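Colleague: Quick one, fold the following:
(2 chains)
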Amino acid sequence: DSGVTQTPKHLITATGQRVTLRCSPRSGDLSVYWYQQSLDQGLQFLIQYYNGEERAKGNILERFSAQQFPDLHSELNLSSLELGDSALYFCASSARGFSGANVLTFGAGSRLTVL
Amino acid sequence: DAKTTQPPSMDCAEGRAANLPCNHSTISGNEYVYWYRQIHSQGPQYIIHGLKNNETNEMASLIITEDRKSSTLILPHATLRDTAVYYCIVLTGGGNKLTFGTGTQLKVEL
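Modeller: Residues are numbered from 1 along each chain as shown, chains lettered A, B, ... in the order given. Model (predicted):
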């Protein structure tokens, strides 16, 4: 158990639908990161939040959005789902120092299947 | 952030040392070298990181060349459970966009 909790573990839905993935970071970590891993794309950085504020953006589609709440948990919202959105979605957290090394701890992931 | 080059695959006999190389010839002075691994569809797992000096922890050793243009991750006594994709990543100190390439698929065999 890495200390990063992701729910749900598995999710099956239909095209056009909307889903929400949830992440609770490790105790004491202020930063949350979201990654997408599909078969043909590898691990892709989507977005990072630090203490409730967006800090970095990667290859996140406009149909996707995220937020980090005051209790530091984060949610990734995926809407107007397409078949190509089927993937593993990983959340990671870190203490997020602004200098020096930045080590990420990953959760077990949420597997999304869009039919 | 500097790019890295890793062999796509490697094999290792169980109980032997696994030496995984990584080239990062464009690395700059404030960039760290990180190693993560991913065991089939599990979340990536942090292994070790270093800046200039060699590092060792309970999982592995990291050897960084003096010019910092390459490094080697050493798993001293590989087991079957070490079979995974190993990612070498270079990132500026304080950097937050950890970018995973294709990594090295390490297969540990009996």
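
Colleague: where along chain B do the strands fall?
Modeller: Under the criterion DSSP state E, strands of chain B are mapped to B:9-13, B:18-23, B:31-38, B:45-50, B:55-56, B:61-64, B:70-75, B:84-92, B:104-109.

Colleague: what residues are up against the nearest residue to residue A:86 once chain neighbours are set aside?
Modeller: With sequence-adjacent residues excluded and distances taken as Cβ to Cβ, 6 or more residues apart in numbering or on different chains, residue A:86 is closest to residue A:114, at 4.8 Å. From N, CA and C alone the C-beta is placed, and that goes for glycine too. Neighbouring residues of residue A:114 by Cβ atoms under 8 Å, 6 or more residues apart in numbering or on different chains: A:13, A:14, A:15, A:17, A:81, A:82, A:83, A:84, A:85, A:86.

Colleague: I figured the fifth one was touching residue A:12, is that so?
Modeller: No - counting by Cβ atoms under 8 Å, residue A:81 stays clear of residue A:12, with 10.9 Å between them.

Colleague: between the two, who's got more neighbours?
Modeller: More crowded of residue A:81 and residue A:12, by other Cβ atoms under 10 Å in any protein chain shown: residue A:81, with 20 against 12.

Colleague: check contacts around the more buried one.
Modeller: Taking Cβ under 8 Å, 6+ apart as the criterion, residue A:81 is in contact with A:13, A:14, A:15, A:16, A:17, A:18, A:19, A:63, A:114.

Colleague: Count the neighbours of residue 49 for me.
Modeller: Just going to use chain A. Using other Cβ under 10 Å, residue A:49 is surrounded by 24 other residues.

Colleague: my question was about chain B
Modeller: Residue B:49 has 18 neighbouring residues, counting by other Cβ under 10 Å.
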